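Enquirer: Got a sequence here, can you model it:
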Amino acid sequence: MASNAPGDCCVKGVRHDGEPTGTLIKIDTHDAYQATPDPSKAKDAAILIIPDVISIWQNSKLIADQFAANGYYTLIIDVFNGDAMSLNRPEGFDFFGWLNKGSTGDNPHTKEAVDPIVEKAIKFLKGEKGFKKIGAVGYCFGAKYVCRHFRNGIQAGFVAHPSFVEEEELEGFKAPLSIAAAETDEIFPAEKRHRSEQILAKNGLPYQINLYSQVVHGFAVRCDPSKKIQRFAKEQAFFQAVTWFDSWLL
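Expert: Model (predicted):
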């Protein structure tokens, strides 16, 4: 793997303050959240956010709104069929049981279940919204599916603290890719970062791996903003993404 499997750190964090300004919609039967830019600032490109296991919630909505404030129509798709995890689950939760079978035992969150949902979101952006340029953002769980769906029209990618990404999936992403990594991260540790660097260098396309000190897995979505170093890392990772898309998507 280019990153390890998810763990308890994927659901820990802090809920952020703010009032989301986007709207909830449906794409087929799946929940989604759209954030629309001011028409005077709108760019000719869309961003698809494939979220972490908490899916569409306060923090991810605020991030989508920030992308919209920077001119990008932004869509978050719930890839969990309404079965997302809650923040700060108790220790001992059967994470892999949830991945393989879902909370009800018949709602898996494997690639066989998630891939079709991501494809519907991309089809929505291309068809109903008419975008020809699509960038994708993947946080934690979502990073795997940014890499997997280059073939469906993703033209530039940004991932933060990725999990569950296979080496062949990273190799298959034949587009510019930016990665935000945490200094302390059992899921994307130093050896995985270095291996990812080797793979991306071999691909010969623009890539970037930024390492943020004194933060842990999940910082780009669920950090504690009352702590200056964490707030700085989250904000810089967001600016990293916007700058990447401004440079390689437009």
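Enquirer: quick one: low-confidence ranges for this protein?
Expert: Low-confidence segments of the chain (pLDDT under 70): 1-14, 89-90.
Enquirer: Run through the helices of it in chain order.
Expert: Assigned helices in the chain, in chain order: 58-69, 95-101, 111-126, 141-148, 167-171, 190-203, 219-222, 228-248 (criterion: DSSP state H).
Enquirer: Now tabulate the ones you listed in JSON lines and tack on mean neighbour count and distance to residue 22.
Expert: Where you see a C-beta, it was placed from the backbone N, CA and C, and this is true even at glycine. As requested, the helices of the chain are exported to JSON lines (neighbours: other CB atoms under 10 Å; distance: least, CB to CB, whole Å):
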{"stretch": "helix 58-69", "mean neighbour count": "21", "distance to residue 22": "6"}
{"stretch": "helix 95-101", "mean neighbour count": "15", "distance to residue 22": "27"}
{"stretch": "helix 111-126", "mean neighbour count": "18", "distance to residue 22": "15"}
{"stretch": "helix 141-148", "mean neighbour count": "27", "distance to residue 22": "18"}
{"stretch": "helix 167-171", "mean neighbour count": "18", "distance to residue 22": "29"}
{"stretch": "helix 190-203", "mean neighbour count": "15", "distance to residue 22": "31"}
{"stretch": "helix 219-222", "mean neighbour count": "27", "distance to residue 22": "16"}
{"stretch": "helix 228-248", "mean neighbour count": "18", "distance to residue 22": "16"}
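Enquirer: do you know which of the ones you listed lies nearest residue 21?
Expert: Closest to residue 21 of the helices of the chain is helix 58-69 (CB to CB; 5.3 Å).
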